[in-house]
Structure formats: C-alpha cells, structure tokens
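Enquirer: Predicted model follows, preceded by the sequence.
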Amino acid sequence: MRQFGLIGKTLKHSFSKKYFSEKFENEEIANSHYELFELAEISEIQNLIDYYSDSLAGLNVTIPYKKEVMAYLDELDPKAEEIGAVNTIKISKEGKLKGYNTDYLGFIDSLQEGWDLSGKKALVLGTGGASEAIKRALTDLNIPFQSVSRKASESNISYEDLNGKNWVHTHHLIINTTPLGTYPDIETKPFLPYDQITDRHLLFDLVYNPEVTAFLQEGLNRGAKIKNGHKMLIGQAEASWKIWND
C-alpha cells in the first residue's frame, strides 16, 4: 500500500482526501490511500514519517506549515527554494524528503484561464506560505504587485493604508491568499474599501469552500469578475501526483 496525505493544523474541511480518494477509484489506481494528518506542531512530522516509514510516498502541505516544513526536508526543488515555500513533498524509498511547490503551477493555469491580464497590477492579500507562490507567479507573468498585511513593513502595506489611497483604483487584480471566509467562518473577509471595486476588477480567492466567499461576493456586487481556488487546487493536486510518480 502506498500512503499519501495532507499535513496541516486544521483539516476537517479539506478538499484533498475526497479528491484523491475519488481519483484512485475512478482511475482504478490500486494500493494507494490518501489520509489527513493534523499536526499540532510541524515537529510532529518526524513521528508521522517514522510511523509510516514502509509506505509513505508523498505529502501535501497546507496552512500554516508551508514555510516551516522546509527545515525538515533533505532537498528542495529549485522553484520551491526560489519561492520559499513547499506544499508538496516526495518521499523516496530511502526515506529522503524533497520539497516542491505545485501551488505555483496551479495558480498560473487558473489565473490565466479566460482573463485578460494585460496592463493589470495586483494586490496580494496576506503574507503566509501560500502568498509566496502567488508572488513568484506574478513576477514570472510580469504582473506588478503590492503585498498587503495587517502590519506595514518594508515590503508590505497595511490594510489601513488602502483606505483613502488609490491602491484599489490602480490595482485591478486583487488576490486573497488568507484563509478569511473559509467555511464555517463564511462571513469573514479581508478589510478592504470594497466601495472602490468596479467592473474593471478581477478578484481571485484561494479559498474554495464556500464557492463564493464574502470577499468574492463583494466583487460580484460591483460587477467584478471572480474566481475561487477550486481549479487551482485541482491543478496543484495533479501536479503533486505527477511528482510522486515520476
């Protein structure tokens, strides 16, 4: 039996187990199982790997461990090292752990599908591990961006900085990389001057449950085009599967 799974802190509403379980059944992939592994601390990954030492072949990584997990890996794919975050781990027969970032691939494919991005500038909401892949992708797509966080720093502006300024008027692609709005806390959303959003805006939310988050609904109310993270998740999951089987 080949064991795969997802590590994170809170996983009860995760997409991954259902997706891979259905994939294994529909594609008649035998001797493969996907499980959710909730870790209170990232250091618990070693116990997990030891426990499944004979069968564990690959892991996905989600909030809040995409950066922290890098310290436990033997090797990094160059793109993951460049991004500074890992969401996929391949485990060799010898027990060596190599980190990859498939969020990057899933995001690029989903973002470009059906959207004209020419001349767009982006606001990236959040500074966690998921945001690193998004920022790298935007850089590679030559889309200028500004990161937004709760506190301003040398590289980030704060949400308060958005009020009374032209940030939203001049940045027509807004990407939420935070977990705000995820089920069951569906009323939460990033703190933005939503009245400045127009039908020229594109809103992308990495959250996929619910399908239309409070953030995306604010965009719809003002004529903006929206996308959630579902296609991105499928893209990164399939990229993970390819890595595990190469």
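Expert: Right, received. Where do you want to start?

Enquirer: Leaving out sequence neighbours, find the closest residue to residue 145.
Expert: In this structure, residue 145 finds its nearest non-sequential neighbour in residue 122, 4.0 Å apart by CB to CB, 6 or more residues apart in numbering. (C-beta placed from N, C-alpha, C; glycine too.)

Enquirer: That neighbour and residue 170 touch, don't they?
Expert: No - with contact defined as CB atoms under 8 Å, residue 122 does not reach residue 170; the gap is 10.7 Å.

Enquirer: Neighbour count: the two, which is higher?
Expert: For residue 122 versus residue 170, neighbours defined as other CB atoms under 10 Å are more numerous around residue 122 (23 against 10).

Enquirer: What values do phi and psi take at the more buried one?
Expert: Note on residue 122: its backbone torsions stand at phi -120, psi 150 [degrees, to the nearest 10].

Enquirer: so where do the helices sit in the protein?
Expert: In the chain, the helices defined using DSSP state H lie at 16-26, 45-51, 78-83, 103-112, 129-140, 159-162, 167-170, 214-221, 230-245.

Enquirer: Would you reformat these as TSV and include mean pLDDT and distance to residue 64?
Expert: What follows is these, written out as TSV (pLDDT from 0 to 100; distance: least, CB to CB, whole Å):
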stretch	mean pLDDT	distance to residue 64
helix 16-26	97	16
helix 45-51	96	13
helix 78-83	96	16
helix 103-112	96	14
helix 129-140	95	7
helix 159-162	94	20
helix 167-170	96	26
helix 214-221	98	20
helix 230-245	97	17
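
Enquirer: quick one, what contacts residue 216?
Expert: 203, 205, 226, 228 (CB atoms under 8 Å, 6 or more residues apart in numbering).

Enquirer: right, I mislabeled it, should have said residue 150
Expert: 158-159.

Enquirer: Report the rounded mean pLDDT for stretch 53-60.
Expert: The average of the pLDDT scores along stretch 53-60 is 96.

Enquirer: Can you tell me the closest non-neighbouring residue to the residue most central in space within the chain?
Expert: Taking CA atoms, centre = their mean as the criterion, residue 130 is the residue nearest the geometric centre of the chain, at 4.3 Å. Nearest residue to residue 130, sequence neighbours excluded (CB to CB, 6+ apart): residue 177, at 4.5 Å.
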